[in-house]
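Q: here is a sequence with its predicted model. Questions after.
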Amino acid sequence: MRNTILTFSLLLILLVSCRKEKFSSESNWLAPVLKTELTLGDLIPDSLSQLNADNAIDLVYEAEYGVASLEDILVIPDRIENIEVTLSSLVLDDRTFTDTLTLLELYPASILAHGTMAFLPAQDITTNEGTKIDVSEEFFSTATFIEGFIDITISNDLPVEAEIMEFELINDDADMDIIVSGVFNNLAPNTTQSKSYSLAGLTVNGKMELRVKRVKTLASPGLVLVNVYDGLRTTFGIRGLKPSVATAIFPAQNLVEREDETKYDFGGAKLTKVKVREGDILMKVESSIEEAIILDYKIPNSSNPDKTGIIERVWTIPAAAPGEIVYVEERFPIDGFEILMYGKDNTELPTYNHIYNQLIARIEYSGIERTLSLNDKIKIEFGLIDLKPELVIGDPGYHELSLQDTLPLDIFKKIGGSLNLEDAQMNIDFYNSFGIEAELTVEDIIGVNTRKPKEVKLISTDLASPIFLGKAINGTSYTNYEEHIVLDKTNSNLKQFLENMPDEIHPKLGVKIRHRGTVNQSDFAFYFSELIANLKIQVPLNIGMDSLTISSIEAIDIFKNEDIEKITAAKLFVRVDNDFPISGELELEFLDEDGNLLTKAFKGVNNIMAPAEVDGLTGKSVFPAESELVAELSKDEMVLLQNSSKVRVIARFDTKDAQRFQMFADYRIGIQISTEIVYENKL
């Protein structure tokens, strides 16, 4: 029993006197992060490179500058004519009407002697009775005139003299207004007298009454043949009627007959012919006239090789409802038509810049009675608009142009540092497809590196003198006039110009058009004509480098699910396979979502890539050189990498002693990035 108690006591003391100890261990983890490669394609897009037969690469660039089309130097302005026609230019037809006051009406008893030889006594008759005359269908229902005449002719068909005939013509309405009145005297048998009366300011109805207020005849000198149906024959004739308002059936007539030679101003050019590539006739009409209007527009001196006839267009403007205005606007295309610009007749000067055109506005007989007034009018806007020529012929005139621009040059856009070129070539090809002589002066070609910034002017004796460009030839085939200049390091500073790595070219060209005159106004230009300087640059990538940089940005996911506090150490391992025969530096720049720099991996230390071995015969690398680069990461750097979403991979090359290397299309830098993480495990 004592032994049992002692043993229990010793165990109790042991348990009470002992404390718990912590045990720890470490574990290493390797994880791939990114596999990518850098190539010359990261520097130079395919569109700016040329692959030679041996896979060597040339940088290439091409741009055009100058007068790119006929529209750059010649614009045909819109020419719109405006006219307004009112009722004062309308007319009513000249008409006549005849009425007879018979012997039976004058002397009813004469019926007893009708057809016999008899003696007729003198008559002196006074009356207010008249003869109704209705000419509303032949003349008009009613009209008020600003001009016009009524001619009244009395023919004496009686066998006795009419000594006095007094009359008045009145409107047959409630007002009974007198239109005209007068007296005819001493009309011998079988004679005629006429008198004219103005209708200006008068309102005349189509229904009238002729009142013969007094008729006095002499007795017959003896026996005469009596015909009771003969008498005093009255003929009414209306002429020169210009109404201020009228209700009538209007006859067919022209409201406008317009011939015109529209003059165009082409800024000194004198054109004799234009072929239209596209363009329209515009016709805009406002009409309050209660009759349909026919508009006929034509350009007589025009033709179309693919069609018969001239430029002509007929529009019908509907009749306006009473008190309303009709609006019509139409465009009529004249694509493909040729227009002679000498005006109406090429025998009269000037024989250029004039288009002869005709416009007729007319109404046609409709048989419908309309009411028209002086306030009714038609406004017409018409002309040629939006003309774009396919061909012009004539004298373009003397012009001096200064052409300057900024041309982007992208072949050096992604290249940092400096270049040392072995050689380069620039072809400047001048093309003149105008049928016009020109003289071109290259005033400046300046390369601008906006990143430094620095400018270098291209200098060559071949560009010092004006360049004459003769006419294109439009014969059985169309032939441009061409001049070509080739620049390289032997005749220019092109090498230094390009070693500045410009990202912009600023050309300035002076152009003199038709500086030596023209013959017979025979110069020509098509819509596709150009006066172009084509710049073509070719740079063999046999280069020396000073901090030449190739870079690429890749998405990355690193340490995203890691507890940085449990990491005791971390390293970045970068395996590099370098095809380039040049040693270089590699840098990794970690960026946030917005592209802001968070940290760098190597910071310029322990980041050298070994160069590939070069075949002495071909000058090309044989196989890539392998390098392994290691970067130690602190906890702060691990946190920054954890917050990054992109990495910029940068390879930077330098050559020594002005040594140059030929670049080949299959050169690349293979890059594999991985991490080694050491965790502390606590138990």
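A: Cool, got the structure. Numbering: from 1, shown residues only.
Q: helices along the stretch 101-250 of the chain, start to end?
A: Taking DSSP state H, counting those that start in this stretch as the test, the helices found in the stretch 101-250 of the chain are 103-106.
Q: again, but for the chain
A: 2-17, 103-106, 494-499, 635-643 (DSSP state H).
Q: Asn474 against Ala525, yeah?
A: No. Counting by C-beta atoms under 8 Å, no contact exists between Asn474 and Ala525, whose distance comes to 10.1 Å. Every C-beta, even on glycine, is put in place using the N, C-alpha and C of the backbone.
Q: what sits in contact with each of the two?
A: Overlap between the contact sets of Asn474 and Ala525, as judged by C-beta atoms under 8 Å, 6 or more residues apart in numbering, is given by Gly435.
Q: mind checking pLDDT for the nearest residue to Val180 once chain neighbours are set aside?
A: Beyond its immediate neighbours in the sequence, the residue positioned closest to Val180 (C-beta to C-beta, 6 or more residues apart in numbering) is Tyr197, lying 4.1 Å away. In the predicted model, Tyr197 carries a pLDDT score of 94.
Q: quick one, what contacts Tyr197?
A: The contact partners of Tyr197, taken as C-beta under 8 Å, 6+ apart, are 149-152, 180, 182.
Q: now with 7 Å?
A: Neighbouring residues of Tyr197 by C-beta atoms under 7 Å, 6 or more residues apart in numbering: 149-150, 152, 180.
Q: repeat that for Ser583.
A: If you count contacts by C-beta under 7 Å, 6+ apart, Ser583 has them with 608-611.
Q: ok, the most centrally placed residue in the chain - contacts?
A: Centroid-nearest residue in the chain: Asp386, 7.4 Å away (criterion: C-alpha atoms, centre = their mean). Under the criterion of C-beta under 7 Å, 6+ apart, the neighbours of Asp386 are 279-280.
Q: please report how far it lies from Lys307.
A: Taking C-beta to C-beta, to the nearest Å as the criterion, Asp386 is separated from Lys307 by 20 Å.
Q: kindly report the same for Leu401.
A: Between Leu401 and Lys307 the distance, using C-beta to C-beta, works out to 37 Å.
Q: closest to Lys242 out of the contacts of Ser583?
A: The shortest gap between Lys242 and any of these belongs to Met609, at 101.8 Å (C-beta to C-beta).
Q: who are the contact partners of Ala188?
A: 156, 161.
Q: Leu401 and Lys307: who's more crowded?
A: Set side by side, Leu401 and Lys307 show unequal neighbour counts under other C-beta atoms under 10 Å, the larger going to Leu401 at 16 against 9.
Q: pLDDT wise, what is the more buried one at?
A: Looking at Leu401, its pLDDT reads 87.
Q: that one pairs with what?
A: The bridge-partner assignment for Leu401, based on DSSP bridges, gives Val511.
Q: so that it lines up with my notes, have the first residue be 321 from now on.
A: Renumbered: residue one is now 321, and that last one reads Leu721.
Q: which stretches of the stretch 671-820 of the chain form strands?
A: Under the criterion DSSP state E, counting those that start in this stretch, the stretch 671-820 of the chain contains strands at 674-683, 690-693, 697-715, 719-724, 727-728, 736-741, 745-752, 758-769, 774-777, 787-789, 793-794, 798-799, 801-807.
Q: can you put the ones you listed in a markdown table and add distance to Asp374?
A: Formatted as a markdown table, these follow (distance: least, C-beta to C-beta, whole Å):
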| stretch | distance to Asp374 |
| --- | --- |
| strand 674-683 | 63 |
| strand 690-693 | 90 |
| strand 697-715 | 48 |
| strand 719-724 | 40 |
| strand 727-728 | 30 |
| strand 736-741 | 19 |
| strand 745-752 | 18 |
| strand 758-769 | 29 |
| strand 774-777 | 31 |
| strand 787-789 | 36 |
| strand 793-794 | 41 |
| strand 798-799 | 37 |
| strand 801-807 | 23 |
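Q: among these, which comes closest to Ala433?
A: Each of those was scored for nearness to Ala433 using C-beta to C-beta, and the closest is strand 690-693 (51.1 Å).
Q: wait, doesn't Leu354 sit right on Ser872?
A: No. The pair Leu354 and Ser872 fails to qualify as a contact (C-beta atoms under 7 Å) at a distance of 10.8 Å.
Q: can you tell me which of the contacts of Tyr517 is closest to Ile748?
A: Within the contacts of Tyr517, proximity to Ile748 (C-beta to C-beta) peaks at Phe469, which comes in at 81.6 Å.
Q: show the contacting residues for the closest one.
A: Applying C-beta under 7 Å, 6+ apart to Phe469 gives the contacts 516-519, 559-560.
Q: mind pulling up the pLDDT for it?
A: Predicted confidence (pLDDT) for Phe469: 93.
Q: around Tyr718, how many other residues sit close by?
A: When counting by other C-beta under 10 Å, one arrives at 14 neighbours for Tyr718.
Q: skipping adjacent residues, who's closest to it in space?
A: Arg834 (5.4 Å).
Q: now the strands for the stretch 321-470 of the chain?
A: Remark: strands assigned in the stretch 321-470 of the chain by DSSP E, counting those that start in this stretch are 344-359, 369-371, 377-387, 399-406, 415-422, 437-438, 443-446, 450-454, 462-476.
Q: make TSV out of those strands and add distance to Ala639.
A: Shown next, in TSV, are the strands of the stretch 321-470 of the chain (distance: least, C-beta to C-beta, whole Å):
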stretch	distance to Ala639
strand 344-359	78
strand 369-371	72
strand 377-387	52
strand 399-406	15
strand 415-422	23
strand 437-438	60
strand 443-446	49
strand 450-454	26
strand 462-476	19
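Q: circling back to that earlier point, the residue nearest to Val500 and Ser369, how far apart?
A: Here the criterion is C-beta to C-beta. By it, Tyr517 lies 98 Å from Ser369.
Q: of the strands of the stretch 321-470 of the chain, which is nearest Gln816?
A: Nearest of the strands of the stretch 321-470 of the chain to Gln816, taken as C-beta to C-beta: strand 377-387 at 16.0 Å.
Q: same for the closest one, what does it pack against?
A: With contacts defined as 3 or more C-beta pairs under 7 Å, 6 or more residues apart in numbering; DSSP states H and E, strand 377-387 has these neighbours: strand 369-371, strand 851-860.
Q: what pairs with the first one, parallel or antiparallel?
A: Looking back up the chat, that one is strand 369-371. The strands beside strand 369-371 in its sheet (DSSP bridges) come out as strand 377-387 (antiparallel).
Q: swap in the last one?
A: Neighbouring strands of strand 851-860 in its sheet, by DSSP bridges, are strand 377-387 (antiparallel), strand 745-752 (antiparallel).
Q: how about the first one: buried residues?
A: What it means is strand 377-387. Within strand 377-387, the residues that qualify as buried by neighbour count (16 or more other C-beta atoms under 10 Å) are 377-379, 381, 385-387.
Q: can you show me the CA trace of stretch 927-942 as PDB?
A: This file holds the C-alpha atoms of stretch 927-942, laid out as PDB (Å, rounded to 0.1, in the frame of the first residue of the first chain):
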ATOM      1  CA  ASN A 927      20.000  39.700 -64.600                       C
ATOM      2  CA  ILE A 928      22.500  39.100 -67.500                       C
ATOM      3  CA  MET A 929      21.400  36.900 -70.400                       C
ATOM      4  CA  ALA A 930      24.100  35.000 -72.200                       C
ATOM      5  CA  PRO A 931      24.500  35.500 -76.000                       C
ATOM      6  CA  ALA A 932      23.900  32.800 -78.400                       C
ATOM      7  CA  GLU A 933      26.800  31.300 -80.400                       C
ATOM      8  CA  VAL A 934      27.100  32.700 -83.900                       C
ATOM      9  CA  ASP A 935      28.000  30.700 -87.100                       C
ATOM     10  CA  GLY A 936      31.000  32.400 -88.600                       C
ATOM     11  CA  LEU A 937      29.900  31.800 -92.100                       C
ATOM     12  CA  THR A 938      26.200  32.700 -92.000                       C
ATOM     13  CA  GLY A 939      26.400  35.300 -89.200                       C
ATOM     14  CA  LYS A 940      23.400  33.600 -87.600                       C
ATOM     15  CA  SER A 941      23.200  32.100 -84.200                       C
ATOM     16  CA  VAL A 942      23.500  28.300 -84.000                       C
END
